[in-house]
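J.: okay, here's the prediction I keep looking at, along with the sequence it came from:
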Amino acid sequence: MRPQYILILLFILLLGACKPTKYVPENEYLLSDVKINFEELEMNPSDLKPYLKQKPNLKILGLFKFHLGLYNMSGSNMDRWWNRWFRRIGEEPVVYDEFLVERSAQELQKYLNNKGYLYADVEDTTIFLERKHKAKVIYDVTPNKPFTILDHKERIDDPNIKSLVDADSANTLIKDGDNFDVDILNQERDRITNLLRQKGYYNFSRDYIYYMADSSIQPLSIVDTLILRNPTIVNALNQKVESTHLQYTIRDIYFITDFDPQKALKEPSTYYEAFDTTEYNGLKILYQDKLKIKPLILSVNNLIRRGELFNYRNVERTHALLAAIPIIRYVNIRFNENKTIEPTLDCFIQITYAKSQGYSFDIEGTNQSGNIGAAINLGYNHKNLFKGGEMFNTKLSVARETQTGLKDKTAFNSDELGFETSLLYPRFLFPFLSNYFVDNIKSNTNFKASINFQRRPDYERYIASLGTQYNLKNKSNWSHQFIFPDLNYVSIPFMTDTFKQYINPTFLKYSYENHVILGAGYNVAFNDQEIRKYRDSKYFRIGFESSGNFMYLYNQIAGTTRPENGYNFLGIKYSQYVKFDLEGTYNRRIDDKNAIVYHAAFGLGLPYGNSDVLPFEKRYFGGGANGVRGWQVRQLGPGIFKEANSIYMNKTGDVKLQFNLEYRFKLIWVVEGALFSDVGNIWTIRDYNEDQPGGVFRFNSFYNQLAMAYGIGARLDFSFFVFRVDLGIRGYDPARPAGNRWVSSPSFTNDMVLNLAIGYPF
């Protein structure tokens, strides 16, 4: 067994050897396990676990109580820092508590009752292991038959509100025949409350809605009645009388810009007197000295309208739109009620600005396959370039790397100079559609441009790009990205004859051809990972892009004679292709410390028309920190191809298939651990040359060509970024001879890769 495996095993055994009941008081028991048994229950058993008032110590891999082991490694002398440290990072033993067991049974019973199982029975049994000082608790759940809703009724005395609720009855969550579920009843209260708060009822809350349930009419059935009561007020005689719910309209809208909440609280009279006021499109804008942002930007990102009914959704969307503008750091929206003649609201939108400009300077070191390098990056950003909330970024990079020659293995310097800039405009800038997307979806437009110069002794290369991205995001966690136009220009003005002779017989020649990409793309994604940080989360993306079709159509219509090497654009051959990408991630949280993450990705690129091969920068590659981690980046595949004498330094393909499974667990402080398994490969769709046998994708054999790697990793989660180290070990290598592809005795030199990266792999 290899040394690193021995160290890991010894560490686990060390923690396991620690007496788990070391700090359990005498005559007490360590709660070792809790189990819930149930019969014929139409729900996920994991739904019951949150209602347990006492749970055993956390486990890793479902076996090791790692954090309890850390706690038990401490001594009793708290004057010693290491004892205090072990207790801080560890987990105190969970001591069996009879009272909490009874509370847990009661909470389980209450939960089942709320779900309609009114005759449910929960019994708890405790098994004591006297010699080990441990206790195991078992909850036996017998749900019995649930109650169903026989008839759902509504009683609403206010005719105006009744008409609104009746008009939206198709969206009700309560249906006859469904199980009686208190959670669904509360969700219906929230639904009606949200409906009315979108129709002007500013002061309405869910407390005005309650239910009456009658279970005496028919066995296992309930007739429930939703009652929406009117508010009560105190009249001039100091008597409580019933009133009606008021509908409010918006009267005046004030923007208080450059707002300082501390000054507003300390000296309100003198503070507000210092403001000047201007009006724009019905808005009253207060400012000091001068306006830092154009009134137009405030107007188009405000969905609260004068003369319209109060709508809390428009308030939320206005807050989101304004908060998305880079120059705005803080937004607060409040209302004042006016009841003199008719109920109206004055809206006050308070805005605090962020610093408009920033600079950055950083130095980074690189080590790629033994090639040492360094880079200097200078950056500048402006969050309000044209006083419209535009985010301007620019970056200048200078890098040098020491590399090794292809044949003579002599060292030389590789230099790189890059400049990139972008302008993010907080609106959807497209003819006829700008206003529609502002009113319905949070959107922005990003203009990007970059140029990069690379110089080596054997060639020089220029890479320039220019493009526009339209980003849209709505409230349901879906986001859309349109990319048009997307222009990329690659030119290699200088190349030595020696280098040409070296790459021409190989697939590398496609990496060093002059070409132009003029295309468009679209991506749609669903992501609830941030919103549901401590619960199961999902990420899903579909992407499509194409290039060269408009220019190719022009050549066909114009009847242009096709040159031998293809049609040109500005004297350079343009690429024509389509690409499709599909990716999904599911993060299943076991508990606060453990999670299992599933990931799958598929990609397909198809060159046609003016191109025989996908552009190098658009091709897929395998291996690396985000791929099959037992291989270095661009060293896997395609298919079962195995290079001779390491000619193919950059392996690429037209098809990519990848599956990942990762078990993540928190260890101590910011340190997290991971066990993972990766499966995947890349392929070409055509047999481009005879030097790449076995690289073509074929339906009847691709599954035998999937590489597999497994490994262990560590992450340092500093909240603002995650530093990751993964040791990938080859398990199945399709490039090996048939019958010898399983790697039974991996060597550290040839079959293991240490991956360093920032962020999670997926």
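T.: Sure, I can see it. Numbers count the residues shown, from 1 in each chain.

J.: confidence score at residue 62?
T.: At residue 62, the pLDDT value in this model is 76.

J.: so it sits in a strand?
T.: No - read with DSSP: H, G, I helix; E, B strand; the rest coil, residue 62 is coil and lies in no strand.

J.: would you mind measuring from it to residue 187?
T.: 34 Å (CB to CB, to the nearest Å). Where you see a C-beta, it was placed from the backbone N, CA and C, and this is true even at glycine.

J.: between the two, who's got more neighbours?
T.: residue 187 (13 against 8; other CB atoms under 10 Å).

J.: does that one touch residue 173 like I think?
T.: Yes - applying CB atoms under 8 Å, one finds residue 187 in contact with residue 173, separated by 5.4 Å.

J.: domains for this structure, by residue range?
T.: Per automatic domain parsing, the structural domains of the chain span 18-57+93-142, 148-242, 249-353, 621-762.

J.: quickly compare those and say which is most buried.
T.: domain 621-762 (a mean of 18; mean count of other CB atoms under 10 Å).

J.: name the residue most distant from the centre of the chain?
T.: Centroid-distance maximum for the chain: residue 237 at 58.3 Å, with CA atoms, centre = their mean.

J.: ok so it is a strand residue?
T.: No - according to three-state DSSP, residue 237 belongs to no strand; its state is coil.

J.: stretch 476-489: which residues count as buried?
T.: Neighbour-count burial for stretch 476-489 flags 477, 479, 480, 481, 482, 483, 486, 487, 488, 489 (criterion: 16 or more other CB atoms under 10 Å).

J.: now intersect these with the strands, please.
T.: Per DSSP state E, strands hold the following members of the buried residues of stretch 476-489: 479, 480, 481, 482, 483, 486, 487, 488, 489.

J.: now the helices for this structure?
T.: Ranges of helices in the chain, per DSSP state H, are 3-17, 66-72, 81-89, 98-114, 159-167, 182-197, 261-266, 268-273, 295-300, 312-323, 434-440, 497-503, 549-558.

J.: in CSV: these, plus distance to residue 672.
T.: Shown next, in CSV, are the helices of the chain (distance: least, CB to CB, whole Å):
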stretch, distance to residue 672
helix 3-17, 16
helix 66-72, 12
helix 81-89, 13
helix 98-114, 29
helix 159-167, 49
helix 182-197, 33
helix 261-266, 38
helix 268-273, 48
helix 295-300, 42
helix 312-323, 31
helix 434-440, 39
helix 497-503, 43
helix 549-558, 46
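
J.: want to throw those helices into TSV with mean pLDDT?
T.: Shown next, in TSV, are the helices of the chain (pLDDT from 0 to 100):
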stretch	mean pLDDT
helix 3-17	48
helix 66-72	85
helix 81-89	84
helix 98-114	94
helix 159-167	93
helix 182-197	95
helix 261-266	85
helix 268-273	82
helix 295-300	90
helix 312-323	91
helix 434-440	57
helix 497-503	81
helix 549-558	87
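
J.: go ahead and confirm residue 592 touches residue 58.
T.: Yes - if you go by CB under 8 Å, residue 592 and residue 58 touch, sitting 7.4 Å apart.

J.: mind checking which of these two has more residues around it?
T.: residue 58 (19 against 9).

J.: so the nearest residue to that one once chain neighbours are set aside versus residue 57, what's the distance?
T.: Distance criterion CB to CB, 6 or more residues apart in numbering; nearest residue to residue 58, sequence neighbours excluded, is residue 593 at 4.9 Å. In this view, residue 593 and residue 57 are 10 Å apart by CB to CB.

J.: which neighbours do those two share?
T.: residue 67 (CB atoms under 8 Å, 6 or more residues apart in numbering).

J.: who does residue 422 form a beta bridge with?
T.: residue 393, residue 448 (DSSP bridges).

J.: who's in contact with residue 27?
T.: No contacts exist for residue 27 under CB under 8 Å, 6+ apart.

J.: quick check: phi and psi at it.
T.: Per-residue torsions, residue 27: phi 70, psi 10 (degrees, to the nearest 10).

J.: likewise for residue 386?
T.: Taking degrees, to the nearest 10 as the convention, residue 386 sits at phi -110, psi 30.

J.: and the closest residue to residue 142 other than its chain neighbours, how far from residue 219?
T.: Leaving out its chain neighbours, the residue that sits closest to residue 142 by CB to CB, 6+ apart is residue 121, at 4.4 Å. To residue 219, residue 121 is 18 Å away according to CB to CB.

J.: which secondary element of this protein has the worst mean pLDDT?
T.: Ranked by mean pLDDT, DSSP states H and E, the helix or strand of the chain with the weakest confidence is helix 3-17, at a mean of 48.

J.: tell me the pLDDT at residue 753?
T.: Value for residue 753, per-residue pLDDT: 89.

J.: hang on, it packs against residue 746?
T.: No - in terms of CB under 8 Å, residue 753 does not count as a neighbour of residue 746; the distance is 10.6 Å.

J.: state the distance from residue 157 to residue 245.
T.: 10 Å.

J.: shared neighbours of those two, anything?
T.: residue 230.

J.: for the residue lying closest to residue 333 once chain neighbours are set aside, what are its contacts?
T.: Among residues not flanking residue 333 along the chain, residue 349 sits closest, at 5.2 Å (CB to CB, 6+ apart). Contact analysis of residue 349 by CB under 8 Å, 6+ apart lists 253, 254, 255, 256, 302, 304, 318, 322, 331, 332, 333.

J.: from residue 245, how far off is the last one?
T.: Yep, that's residue 333 we're talking about. 22 Å.

J.: got it, and the fifth one?
T.: Counting by CB to CB, the gap from residue 302 to residue 245 is 26 Å.

J.: again, but for the third one
T.: Noted for residue 255: a distance of 29 Å to residue 245, by CB to CB.

J.: again, but for the fourth one
T.: Spatial separation of residue 256 from residue 245 under the definition CB to CB is 30 Å.

J.: quick one: contacts for the nearest residue to residue 555 once chain neighbours are set aside?
T.: In space, residue 555 comes closest to residue 567 once its chain neighbours are excluded; the distance is 4.9 Å by CB to CB, 6+ apart. Each residue near residue 567 by CB under 8 Å, 6+ apart is listed here: 551, 552, 555, 560, 573, 574, 610.

J.: okay, those in a markdown table with neighbour count and distance to residue 21 next?
T.: Rendered in a markdown table, the data for the contacts of residue 567 read as follows (neighbours: other CB atoms under 10 Å; distance: CB to CB, whole Å):
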| residue | neighbour count | distance to residue 21 |
| --- | --- | --- |
| 551 | 21 | 75 |
| 552 | 20 | 75 |
| 555 | 20 | 81 |
| 560 | 13 | 84 |
| 573 | 18 | 74 |
| 574 | 25 | 73 |
| 610 | 23 | 74 |
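
J.: just curious, which of those is nearest to residue 395?
T.: residue 574 (27.9 Å; CB to CB).

J.: which ones are touching the closest one?
T.: By CB under 8 Å, 6+ apart, the neighbours of residue 574 are 515, 516, 517, 518, 547, 548, 551, 566, 567, 568, 610.

J.: right, and the fifth one touches residue 519 too?
T.: Yes - contact criterion CB under 8 Å: residue 547 and residue 519 qualify, at 3.0 Å.

J.: any shared contact partners between these two?
T.: Here residue 547 and residue 519 have residue 486 as joint contacts, going by CB under 8 Å, 6+ apart.

J.: what's stretch 753-762 in contact with?
T.: Contacts for stretch 753-762 (CB under 8 Å, 6+ apart): 539, 585, 597, 599, 623-626, 629-632, 660, 662, 715, 721-728.

J.: show me what residue 362 bridges to in the sheet.
T.: residue 377.

J.: any idea how far residue 376 is from it?
T.: 8 Å.

J.: between those two, what contacts are shared?
T.: Common neighbours of residue 362 and residue 376 (CB under 8 Å, 6+ apart) do not exist.

J.: more neighbours, the two?
T.: residue 376 (13 against 9).

J.: not counting sequence-adjacent ones, nearest residue to that one?
T.: Residue 376's closest residue in space is residue 398 (CB to CB, 6+ apart), at 5.0 Å.
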